[in-house]
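Asker: From the sequence below, what's the structure:
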Amino acid sequence: MYTQWLPDVRLTNDTNISQTSIHANCIANSGNFIHVVWEDTRDGNSEIYYKRSIDVGTNWEADTRLTNDPQNSASPSIAVNGSQIYIVWAERRNNNDEIYFKSSTNAGLDWGVDTRLTNSAYISQQPCIKVYNTNIHVLWIDNRDGNNEVYYKRSTNSGLNWGDDIRLTNNSAFSYQQSITVNASTLHVTWTDNRDGINGEIYYKKSTNNGTTWGSDIRLTNHTSSSQYSTVSYSGESIYVVWDDYRSSNYEIYFKISSDEGESWGTDTRLTNTVASRKPFIEVSGNALHIVFIKSVSGHFDVCYKRSTDSGVNWDPDLLLTNNSLNSENTSISVSNSTVNILWTDLRHGNEEIYYKKNPTGNPIGIITISNEVPTNFRLQQNYPNPFNPVTNIKFDLPKREFVKLVINDITGKEVALLVNEELDPGVYSVNWNAENQTSGIYFYRFISGNFTEVRKMIVLK
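Answerer: Purely as a prediction, here's the structure:
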């Protein structure tokens, strides 16, 4: 499963520059739909382009130009919620860089008007975006305060209206390379900060009330060498951060976990041992952690991938996904059910082009063993997150070998999913349910093992 990567797919073909963003996700998915964005100079100046696949990356539709202005549009980032597609980017149409927003309500077939999100005489740039239900969260870098600071803005109604700009960092040094992940009303943000000297350190902060107020800054790294390019993701109450770090006298990928939603943090874990590994992106799906980054090979950078299927306890070896004589760079990653999707900028043709690659069986779905320790009792845990959209995780304890059924029913009693239907050894198990094809409402999940039965309620909220 780990090595079943299909051939590279070239998505652009032009003599001009097509490139993904340096530190913002340019690929997102919803079910079988894969959506990508990039910046492109084929029109004489840089414009934002979009492309989609409706069959999990097997076939791709034509390029769609999303911007049209004499000034440059750059650094796009994309987020998806079902058929709602949201894009942010930086543009110079006002003679300085401002953040713009655009959306589609029908899975990318049609697009609304551009919405200007910032309005200052200074530079706003490098936006990134995340969405949860109707809540859209945008981060960017802004120098209105005399140096680069991380700013935040939100919409609670799918982009129809926007709140005020909120300054998240406040120090005399640079704050940059920001990343965000969203779990219901809890937001987790990381960034690189120079407040501790000329070297960058990774910082973290969170909001537990949908971005209304924010907690204090937490320093995640502490070393005299540079730590940069962090990205953050989550599963349940666990928060995962990856970054590149120069403490080993060359850049390597490091990893860190909080198991209590950012309240406390474990130790730094070095994941690579190479000439140089840089700019990681992480995507988490249940217990599966997927990291894509660029790795120095024979004097150039190739796309490299790494995976853990047990929440970061153990890791598969590095897997090179490209093997070119010129650089591959600016990687992004998304997961759609069992498929892992990767997007990057590639120079193998002598100019930058957009490439895509997938592993259709790279993301383990179904039941996963968390622990082989024998529990003392049967137990069905409350799903998390709850409410959710569209994926939730269910855990259960099995004290002896038994035949297990885990069934999902809607409020009428109709069975809508059978997640487990097999004999299992004693242990603690986890299984994800993807309710993407279900409507909002109350559902029940029933755990049946021998003479033991337990039922719990969960809510799909779209």
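Asker: ranges for the strands of the stretch 201-350 of the chain?
Answerer: With strands called from DSSP state E, counting those that start in this stretch, the stretch 201-350 of the chain shows them at 201-207, 218-219, 227-235, 238-245, 252-258, 269-270, 277-285, 288-297, 300-308, 319-320, 328-336, 339-346.
Asker: so which of those gets nearest L418?
Answerer: strand 277-285 (20.2 Å; Cβ to Cβ). Every C-beta, even on glycine, is put in place using the N, C-alpha and C of the backbone.
Asker: What lies in contact with that closest one?
Answerer: The contact list for strand 277-285 (Cβ atoms under 8 Å, 6 or more residues apart in numbering) reads 22-23, 25, 229, 231-235, 240-244, 251-253, 289-296, 301, 304, 329-335, 340, 363, 365, 391, 432.
Asker: let's see it at 6 Å
Answerer: 229, 231, 233, 235, 240, 242, 244, 251-253, 290-295, 331-333, 335, 363 (Cβ atoms under 6 Å, 6 or more residues apart in numbering).
Asker: Quick check: which element contains I141?
Answerer: For I141, the host element (DSSP states H and E) is strand 135-142.
Asker: correct me, but S227 touches R247?
Answerer: No. S227 lies out of contact with R247 (Cβ atoms under 6 Å); the separation is 7.8 Å.
Asker: Quick check on these two: which one has the bigger neighbour count.
Answerer: Between S227 and R247, S227 has the larger neighbour count (other Cβ atoms under 10 Å), namely 24 against 17.
Asker: partner residues bridging the more buried one?
Answerer: D245 (DSSP bridges).
Asker: again with the one 5 residues further on
Answerer: Each beta-bridge partner of V232 is listed here: V241, as defined by DSSP bridges.
Asker: Also V189?
Answerer: Beta-bridge partners, per DSSP bridges, of V189: I180, K205.
Asker: swap in V284?
Answerer: For V284, the beta-bridge partners under DSSP bridges are L289.
Asker: Tell me, what's the model's pLDDT at it?
Answerer: If you check V284, the pLDDT there is 92.
Asker: The chain - how does it break down into domains?
Answerer: Following automatic domain parsing, one gets these domains for the chain: 9-359, 367-460.
Asker: So which of those domains is the most surrounded?
Answerer: domain 9-359 (a mean of 20; mean count of other Cβ atoms under 10 Å).
Asker: distance between the ends of that one?
Answerer: One end of domain 9-359 to the other measures 12 Å (Cα to Cα, to the nearest Å).
Asker: Contact partners for V340?
Answerer: H290, N359, G362, N363.
Asker: Can you lay out those as TSV showing distance to M458, secondary structure and pLDDT?
Answerer: Supplementary listing: these in TSV, determined by distance: Cβ to Cβ, whole Å; DSSP: H, G, I helix; E, B strand; the rest coil; pLDDT from 0 to 100:
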residue	distance to M458	secondary structure	pLDDT
H290	25	strand	97
N359	30	strand	95
G362	27	coil	90
N363	22	coil	87
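Asker: Show me the two of those residues that sit farthest apart.
Answerer: Pairwise over the contacts of V340, using Cβ to Cβ, the maximum falls at H290 and N359, 9.4 Å.
Asker: Who's the closest spatial neighbour of E329, skipping the chain neighbours?
Answerer: Excluding the flanking residues, the one nearest E329 by Cβ to Cβ, 6 or more residues apart in numbering is T345, at 5.1 Å.
Asker: Correction: the previous question concerned N432.
Answerer: G286 (4.6 Å).
Asker: distance of the one you found from P7?
Answerer: As judged by Cβ to Cβ, to the nearest Å, G286 and P7 stand 28 Å apart.
Asker: ditto for N432
Answerer: Using Cβ to Cβ, N432 is found at 28 Å from P7.
Asker: Repeat that for R154.
Answerer: From R154 across to P7, the span is 40 Å (Cβ to Cβ).
Asker: and stretch 237-251, how far apart are its ends?
Answerer: 29 Å.
Asker: Could I get the full set of strands for the stretch 51-200 of the chain?
Answerer: 64-65, 73-81, 84-91, 98-104, 115-116, 124-132, 135-142, 149-155, 166-167, 175-183, 186-193.
Asker: Extract the C-alpha set from the lowest-mean-pLDDT helix or strand in the chain and format it as PDB.
Answerer: Here the helix or strand of the chain ranked lowest by mean pLDDT, DSSP states H and E is strand 367-371, holding a mean of 78. The C-alpha trace of strand 367-371 is given here as PDB (Å, rounded to 0.1, in the frame of the first residue of the first chain):
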ATOM      1  CA  ILE A 367     -10.500  -0.400  11.500                       C
ATOM      2  CA  ILE A 368      -7.000   0.300  13.000                       C
ATOM      3  CA  THR A 369      -5.500  -1.300  16.100                       C
ATOM      4  CA  ILE A 370      -4.400   1.400  18.500                       C
ATOM      5  CA  SER A 371      -3.100  -0.900  21.300                       C
END
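Asker: any idea which helix or strand comes after that strand?
Answerer: strand 379-380.
Asker: mind listing what that next one pairs with, with the direction of each?
Answerer: Here, using DSSP bridges, strand 379-380 pairs with strand 391-398 (antiparallel).
Asker: relative to strand 277-285, how tilted is the partner strand?
Answerer: Calculated by axes from the mean of the first three to the mean of the last three Cα atoms, to 10 degrees, strand 391-398 forms an angle of 70 degrees with strand 277-285.
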